[in-house]
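>>> Give me the fold of what follows.
(4 chains)
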2 protein chains.
Amino acid sequence: MSITLPSETVFHSIEKAIKEYRKFSQKNISNQIEDLTIDQGMVLLFLDKHSELTQKEIAALVFKDNASMTRMINLMVNKKYLKRSMNTIDRRRFTIELTAKGKEVLETLPPIILSNREKSLEGISKEEMIQLETILKKIAANCEKSE
Amino acid sequence: MSITLPSETVFHSIEKAIKEYRKFSQKNISNQIEDLTIDQGMVLLFLDKHSELTQKEIAALVFKDNASMTRMINLMVNKKYLKRSMNTIDRRRFTIELTAKGKEVLETLPPIILSNREKSLEGISKEEMIQLETILKKIAANCEKSE
DNA sequence: CAAATATAGTTGATGTATCAAGCATAAAGG
DNA sequence: CCTTTATGCTTGATACATCAACTATATTTG
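Numbering: from 1, shown residues only, chains lettered A, B, ... in the order given. This is a model prediction of the structure:
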């Protein structure tokens, strides 16, 4: 049976785009911030805007599972970016807060991320962006619906 | 500094699309083939068409590093999908061949993959596909050039 | 040709991801 | 109420990824 090789499909291009973006982005973050991964940076951004998020919700936002998120947050607590405390209303949950160090990173990080996004999307029109979003969402929806 | 949350960006959509596709694809493969990952399947497809590929070249095609590829091929040799033998012309290299079992998988796998691609791209026009490819390649190129 | 450099691949250390099982708490249903 | 079920999170086992250091062979170059 003849089949187009994976490297010739759009899935290859999708994977390539996101991997290159991640590499590029990580490099620019590491240039200015010691010891912070993209994913950790994203967690900081989310918690800054939505302090009430559960670990599970954060996990979903950065495409990880609960176990990974537990370990990731432990790490970030050890590195003094986050503080974890018991939630008094629902004692199964934790309240996760940014520390001073975490807040400090949020001074430096956003400009870097904005610049990463800008540079990586250079030469792509508003209309193309909409098309891109639309098509990608169709693909995700197609894959999800058959579950 | 105010910044659009990562979950609202196109990068989130890219990541979501490829992750859903992978999950969907793996599920359909696992339904019919015991103990084969998408990546292993792709390696089989590549080797079938290009038997002369080096481990390094295969690694690049599936976005892995050399060390991962060494281990992945070891695994596939242990599972009897592949056979590794010394390359007589360049003795640093290996010649990697499909075994009978590997070839057998190639009877079953391509139709599954074709169906996965078709279903996940349902409702997306030829023109949209071209747009998608074009934009994704721009993003990858933008990220790569700053290296 | 010998020394320097490049290439293909492996290995060990370490980090991260994933799954299944488990614990504690909360919510729902008889 | 009290049992059952659901939820939030953690842990251990295991797999996989990544980096740097290494071996072996090939190629280049003075």
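
>>> Tell me which stretches of chain A form strands.
Using DSSP state E, the strands of chain A run over A:82-86, A:94-98.

>>> Return the most buried member of those strands.
Among these, strand A:94-98 has the highest mean neighbour count (mean count of other Cβ atoms under 10 Å in any protein chain shown), at a mean of 18. C-beta coordinates here come from the backbone N, C-alpha and C atoms, glycine included.

>>> Neighbouring strands of that strand in the sheet, and parallel or not?
In the sheet, strand A:94-98 lines up against strand A:82-86 (antiparallel) (DSSP bridges).

>>> so does the partner strand get close to DNA strand C?
No: on the criterion Cβ under 7 Å from any atom of the strand, strand A:82-86 is out of touch with DNA strand C, staying 9.1 Å away.

>>> Can you list the neighbours in contact with that strand?
Applying Cβ atoms under 8 Å, 6 or more residues apart in numbering or on different chains, the contact partners of strand A:82-86 are A:47, A:73, A:76-77, A:94-99, A:102.

>>> Can you add pLDDT and distance to A:Lys27 and give those back as a markdown table?
Supplementary listing: the contacts of strand A:82-86 in a markdown table, determined by pLDDT from 0 to 100; distance: Cβ to Cβ, whole Å:
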| residue | pLDDT | distance to A:Lys27 |
| --- | --- | --- |
| A:Leu47 | 95 | 24 |
| A:Ile73 | 96 | 25 |
| A:Met76 | 95 | 21 |
| A:Val77 | 94 | 26 |
| A:Phe94 | 92 | 32 |
| A:Thr95 | 93 | 33 |
| A:Ile96 | 95 | 28 |
| A:Glu97 | 93 | 29 |
| A:Leu98 | 95 | 24 |
| A:Thr99 | 95 | 26 |
| A:Gly102 | 94 | 22 |
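
>>> Let me have the strands of chain A in CSV, adding distance to B:Ala60 as columns.
Formatted as CSV, the strands of chain A follow (distance: least, Cβ to Cβ, whole Å):
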stretch, distance to B:Ala60
strand A:82-86, 37
strand A:94-98, 39
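
>>> Of all those strands, which one comes closest to B:Leu5?
Comparison of the strands of chain A against B:Leu5 by Cβ to Cβ identifies strand A:94-98 as nearest, at 15.0 Å.

>>> tell me the contacts of A:Met72?
Contacts for A:Met72 (Cβ under 8 Å, 6+ apart) come out as A:39-40, A:43, A:64.

>>> same thing with A:Gly41?
By Cβ under 8 Å, 6+ apart, the residues touching A:Gly41 are A:29, A:33, A:105, A:109, A:113.

>>> picking up where we left off before, which one of the strands of chain A lies closest to DNA strand D?
Distance to DNA strand D, taken as Cβ to the nearest atom of the strand, is lowest for strand A:94-98 among the strands of chain A, at 4.7 Å.

>>> Pull the distance from that closest one to the chain's centre.
Counting by Cα atoms, centre = their mean, to the nearest Å, strand A:94-98 is centred 18 Å from the centre of its parent chain.
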